[in-house]
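> turn this into a model:
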Amino acid sequence: MLKQLGRLKGTRNIIIVGFVVLMAVSLIVFYAPGRTARERDPSKDREVIARVVGDEITVADLAQIRENYQQMFGGQIDLAQLGGDKRFLDGLVRDRVIAQEAARLGLSASDAEVADKIRKQFSDAGGQFVGLDRYKESVTARYGDLEKFERNVRYAIAQEKLKAFVTASVRVSDEEVQNDYKRKNTSFDVSYVLVAADKLAEKIQPSDEDLKSYYEQHKTDYRILEPQKKIRYVFIDQEKAGAKLQISDKDLHDEYDKLSPEHKQAGVKVQQILLKVARKDLDAQVEQKAKDLIAKARGPNGESTEEAFAELARGNSEDPATAKNGGFLARPVKKNPNKPDALYDRAVDMQPGEVTDVPIKFAGSWYILRRGESVPKTFEEAKEELLVSLRNRRGYSVAAQLAERATRRLKETKDPQKVAQELAAEANMTPADMVKETPYIKPGDDVPGIGSNQQFEQAIAPLNNPNDVSERTGVKGGFAIAMLVDKKEPRIPDFEEVKNKVAQALKELRSKEQLQQKANEIASSLSSAADLKAAAEKAGFEVATEQNYKLGGTLGKAGTSPALDEAIYSLKAGEVTKTPVRIGENWVIVGVTKRNEADLAAFAKERDQLTQSKLSERQNQVFEDYIATVEERMKRDGKIKIYSDVLARMEESEPVAAPPRRPRLPFPTK
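Numbers count the residues shown, from 1 in each chain. Sure thing, here's the model as predicted:
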């Protein structure tokens, strides 16, 4: 090829130039402005999104965490509503900060420590390592990348060592533990009054002169910046249109026959053995018992018969409901993406007769699962579900066709009432139910009967002249065909048009100004908790009661507040707060009618466990404060760099979120 190009020098030059141009165009297209992360696979994107000293965090790292949380929630939640990619990145940065600080103090994890941790976590019922091949297969299936998984193990060990170093001197006294127990286990019967602005506002009746004065001072607050439209529309109800449809058993049988094999299954039989952990220090002992039971249950091929497993369940499982039934769950198990259940989903993924090869830690207990045979779903069992599905699909089709006809007729007649009368019988509706009218609305408004609906807004956007008709558009429960009745341009509305809004605003303002004074008046008139009901009702407020309230809980509509808990804990039976407690914008006055002190005899039995729990709580707080200080120092010294432009592109691509802090590494248990 090169010799040919050498002989054809001119041709060669043309080809080379053309190749260069092609490459340049390709690069421009690939990196063109506006090209979003949606067009590239984030899981393989090595672009750096943050640096902690010399440790890089890439788009792929962040994408992996995002994917883990999507799987955790079954893909049924928009993680953006929890906070966005920034929260994921904060967790990744924190991991690197911990690793860097551990390294600085000589506390990094060694290769031997990482290997030992992995061998222990991936051990079989006999305590032996499951083998390199099974280990790689399990990690790759669950985490996708062996190197990243082992790096995270290294981070986890470093965190344990650093935390032990930082919190080595942390102590808690017996008095602290006892006081904490008393606070958490003393309960109260209380009565309380919530002095809220909305309740007080109901009693305020400003005069027209006050309203007009307030309007003149704040009229620009009511400026309408976009055109308002009054819409009359014909509504086709999908459910009613479908209700008249006749669906025969043959239709349903045909639907059943079309179902794929997995949709003809009710689920799989699952047996379980549950072992509870009475105390934290017994966890390892209970885990070993679970491993011993697995060794008994599994034959040489890793399977167990129903009878053999049932015998073990009846003699060992601590779940009374299933143990007496040979460990069988009450219903077949089937994966539900809307309600992901990580525990029993594992059994569904197993082969019939297979028993979990290691115990599963779930919600503080240890589980052993056996998968049984698949349970078929008969036609009769599926019939109701098939009927609903088929009626919905056919009802949608009928409603859509009627809406299309209604659109044509409304464009011809410009008369919604006439169109409704023509189609009412077929729509299974009355003309009065079909013709609806909105108030003057603008984009973003909550339209009565429709709500905030972008499709409806887009449909009426082109309507600018009276009697203009839209195309059909989907709304809640069916279809709407809109016609413009009137349009008002942007303006400052006159007083009468916004009088109700002005009145509400002035009432809220005055109620907030008077709220604390009103709460103080009620509180100052009380001498005991028994007086609260009469005083509150006289002032126009309701008294609520709560029995067995414990600190840290939610006190009905009053909510929760450390200040409220302090006030309640300081009261004896029959006493009432002399000073109202503020919670948000509201004030609360509370009286204790009965006080049940904590049982100190029970405390004596739990002292050691409670002391350890309190110590762990204190150590966690000390460690969090320490890491926050280190991270702040590293930011100040320029050792942490966040590339906001890269983060912004990811958020534009796919808004997600993470909880406030990454959980510790979830080692697989199967």
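> alpha carbons only for contacts and neighbour counts from here, please
Will do.
> verify the stated contact: Gly242 with Leu402.
No. Look at Gly242 against Leu402 with Cα atoms under 8 Å: they stay out of range, at 11.4 Å.
> how is Gln100 assigned, secondary-structure-wise?
helix (DSSP: H, G, I helix; E, B strand; the rest coil).
> show me the contacts for it.
The contact partners of Gln100, taken as Cα atoms under 8 Å, 6 or more residues apart in numbering, are Val53.
> show the pLDDT at it.
If you check Gln100, the pLDDT there is 92.
> isn't there a helix covering Arg66?
Yes. According to three-state DSSP, Arg66 belongs to a helix.
> that one reaches Phe88, doesn't it?
Yes. At 7.3 Å, Arg66 counts as touching Phe88 under the criterion of Cα under 8 Å.
> and the strands in this protein, which stretches?
48-52, 55-58, 187-195, 228-237, 265-275, 360-362, 365-376, 435-437, 473-475, 478-488, 543-550, 581-583, 586-596, 640-642 (DSSP state E).
> could I get these as a markdown table with mean pLDDT?
A markdown table is the format used below for the strands of the chain (pLDDT from 0 to 100):
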| stretch | mean pLDDT |
| --- | --- |
| strand 48-52 | 92 |
| strand 55-58 | 89 |
| strand 187-195 | 95 |
| strand 228-237 | 95 |
| strand 265-275 | 88 |
| strand 360-362 | 85 |
| strand 365-376 | 89 |
| strand 435-437 | 95 |
| strand 473-475 | 92 |
| strand 478-488 | 95 |
| strand 543-550 | 94 |
| strand 581-583 | 93 |
| strand 586-596 | 95 |
| strand 640-642 | 92 |
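> closest to Phe149 out of those strands?
Minimum separation from Phe149 across the strands of the chain (Cα to Cα) falls at strand 55-58, 14.6 Å.
> how far does the closest one sit from the chain's center?
Distance, stretch centre to chain centre, for strand 55-58: 27 Å (Cα atoms, centre = their mean, to the nearest Å).
> same deal with stretch 349-363?
Distance, centroid of stretch 349-363 to centroid of chain: 27 Å (Cα atoms, centre = their mean).
> tabulate the strands of the chain (a markdown table), appending distance to Tyr626 and mean neighbour count.
Output for these, formatted as a markdown table (distance: least, Cα to Cα, whole Å; neighbours: other Cα atoms under 10 Å):
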| stretch | distance to Tyr626 | mean neighbour count |
| --- | --- | --- |
| strand 48-52 | 17 | 20 |
| strand 55-58 | 20 | 18 |
| strand 187-195 | 35 | 23 |
| strand 228-237 | 56 | 24 |
| strand 265-275 | 37 | 22 |
| strand 360-362 | 30 | 17 |
| strand 365-376 | 32 | 21 |
| strand 435-437 | 61 | 19 |
| strand 473-475 | 53 | 20 |
| strand 478-488 | 57 | 22 |
| strand 543-550 | 31 | 17 |
| strand 581-583 | 31 | 19 |
| strand 586-596 | 36 | 22 |
| strand 640-642 | 17 | 17 |
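> beta partners of Tyr233?
Applying DSSP bridges to Tyr233 gives these bridge partners: Lys436, Ala482.
> so where's the stretch 351-500 of the chain uncertain?
The model of the stretch 351-500 of the chain has pLDDT under 70 over residues 390.
> so how far is Met483 from Pro227?
Per Cα to Cα, to the nearest Å, Pro227 is found 16 Å from Met483.
> whoops, Ala347 was the one
56 Å.
> and what of Asp531?
Counting by Cα to Cα, the gap from Asp531 to Met483 is 60 Å.
> same check on Asn464?
10 Å.
> try Leu369
Distance from Leu369 to Met483, by Cα to Cα: 61 Å.
> give me the nearest residue to Ala400, chain neighbours excluded.
Sequence neighbours aside, Phe479 is the residue nearest to Ala400 in space, at 7.1 Å (criterion: Cα to Cα, 6 or more residues apart in numbering).
> just Pro42 next, same as before
Pro42 sits nearest to Ala60 (Cα to Cα, 6+ apart), 5.4 Å away.
> that neighbour touches Asp45, doesn't it?
Yes. Shown here, Ala60 and Asp45 form a contact pair, counting by Cα under 8 Å, at 5.1 Å.
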